[in-house]
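Chemist: Only the shape, not the letters, is given here:
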């Protein structure tokens, strides 16, 4: 695995971000998503950037990903291990992913959520109608078949 950077959290230990670039590296993330009851069946490494986040012992404590569609991105697969919640890891993961999107000149980042609406509002996302989402993003599996119509659609504009 590749050491990218440590993200210092005020209330928790260092967290190491590792880009997932092999199917065997993906297994830990898929397991985390499954245990958090998040979509995992359609995660494909070639469709974007997926990252696992690890504690000082190398244990996976979180995950997140970006799928890229032209000048847009879809934020997905953000999860924190149940035993690590309340330590601001989720906030750090989203901040890291937003910074990575900005470094690629992505101007708008979309997501669908059924359980974390308030969390994403605090991270700077705002509600948007699915009708107003760019066609490129609507072609994703998240929009097409994975997330139901009950999921809230949100956007972050940098």
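Modeler: That came through, no problem. Model, not experiment: these values are computed from the prediction.
Chemist: who touches the helix of greatest length in the chain?
Modeler: Using DSSP state H, we find that the single longest helix of the chain is helix 89-103. Residues outside helix 89-103 that contact it (C-beta atoms under 8 Å, 6 or more residues apart in numbering) are 7, 9, 12, 15, 17, 49, 51, 53, 61-66, 73, 75, 78, 80, 109, 119-120, 122-124, 156, 158. The C-beta positions use only the backbone N, C-alpha and C, and glycine is treated the same way.
Chemist: how about 7 Å then?
Modeler: 7, 9, 12, 15, 17, 49, 53, 61-62, 64, 66, 73, 75, 78, 80, 109, 119, 123, 156, 158 (C-beta atoms under 7 Å, 6 or more residues apart in numbering).
Chemist: pLDDT on that helix, on average?
Modeler: The average of the pLDDT scores along helix 89-103 is 96.
Chemist: Check which helices and strands the helix or strand just after it sits against.
Modeler: Later in the chain than helix 89-103, the nearest helix or strand by DSSP states H and E is strand 108-113. Using 3 or more C-beta pairs under 7 Å, 6 or more residues apart in numbering; DSSP states H and E, the elements in contact with strand 108-113 are strand 72-80, strand 152-157.
Chemist: tell me the angle strand 108-113 makes with strand 72-80.
Modeler: 40 degrees (axes from the mean of the first three to the mean of the last three C-alpha atoms, to 10 degrees).
Chemist: Look at residue 25 and give its secondary structure.
Modeler: Assigned by DSSP: H, G, I helix; E, B strand; the rest coil, the conformation of residue 25 is helix.
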